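Asker: Build me a structure from this.
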Amino acid sequence: MTPVVVDASALAAVAFDEPASEKISRRLEGETVFAPTLLKFELANVAWKKIRRQPRDATAILQALVKVLSPRWGITWMEVDHADVALVAIDTGLSVYDASYLWLAGSLGADLVTLDARLAGAGG
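Answerer: Residues are numbered from 1 along each chain as shown. Here you go, the predicted structure:
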């Protein structure tokens, strides 16, 4: 079984029941899932944006955030080599944030699970 690295676009779809949620859930089911610790901040930012647009749904949004970041999800949180990530960003034209996922997938020999077409294209 190949490990997978999940990015913010994919995990946000699952957490907040967005389009492609079922597809991503099926892809992650039974897999060993890794993510850079950056993902926690990116998901919190998604939640913040959703709350600003839909303040009456704040409680549900925050509950979804806490749920997807809970240990029950079994995500292994990893640090990245920031200098290497910066080089990946320079080489690919990706943001450093997106390059973090690409670098981690490469360093683990993992598949990258993303809904971001540009990131997916840079990965291979």
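
Asker: any low-confidence regions in the protein?
Answerer: Residues of the chain that meet the criterion pLDDT under 70 lie in 1, 124.

Asker: can you rerun that using 80?
Answerer: 1-2, 123-124 (pLDDT under 80).

Asker: got a list of what W73 touches?
Answerer: For W73, the contact set (C-beta atoms under 8 Å, 6 or more residues apart in numbering) comprises 33, 67. Every C-beta, even on glycine, is put in place using the N, C-alpha and C of the backbone.

Asker: correction: T114
Answerer: 6-7, 9-10, 101, 120, 123.

Asker: Let me know the distance separating it from R26.
Answerer: 15 Å (C-beta to C-beta, to the nearest Å).

Asker: How many neighbouring residues does the nearest residue to D111 once chain neighbours are set aside have?
Answerer: Nearest residue to D111 in three dimensions, chain neighbours excluded: V4, at 4.8 Å (C-beta to C-beta, 6 or more residues apart in numbering). V4 sits with 19 neighbouring residues when counted by other C-beta atoms under 10 Å.

Asker: List of residues touching the longest helix seen in the chain?
Answerer: In the chain, taking DSSP state H as the definition, the longest helix is helix 38-53. Contact partners of helix 38-53, identified using C-beta under 8 Å, 6+ apart, comprise 6-8, 11-12, 15-16, 57-58, 61-62, 64-65, 68-69, 75, 77, 80, 97, 100.

Asker: Quick one, which of those residues are buried?
Answerer: Neighbour counting with 16 or more other C-beta atoms under 10 Å marks 6-8, 11-12, 15-16, 61, 64-65, 68-69, 75, 80, 97, 100 as buried within the contacts of helix 38-53.

Asker: re the thing from before, torsion angles phi and psi at the residue nearest to D111?
Answerer: In terms of degrees, to the nearest 10, the main-chain angles of V4 are phi -130, psi 150.

Asker: ditto for E31
Answerer: Torsion angles, degrees, to the nearest 10, at E31: phi -90, psi 160.

Asker: nearest residue to it other than its sequence neighbours?
Answerer: Nearest residue to E31 in three dimensions, chain neighbours excluded: V4, at 4.8 Å (C-beta to C-beta, 6+ apart).
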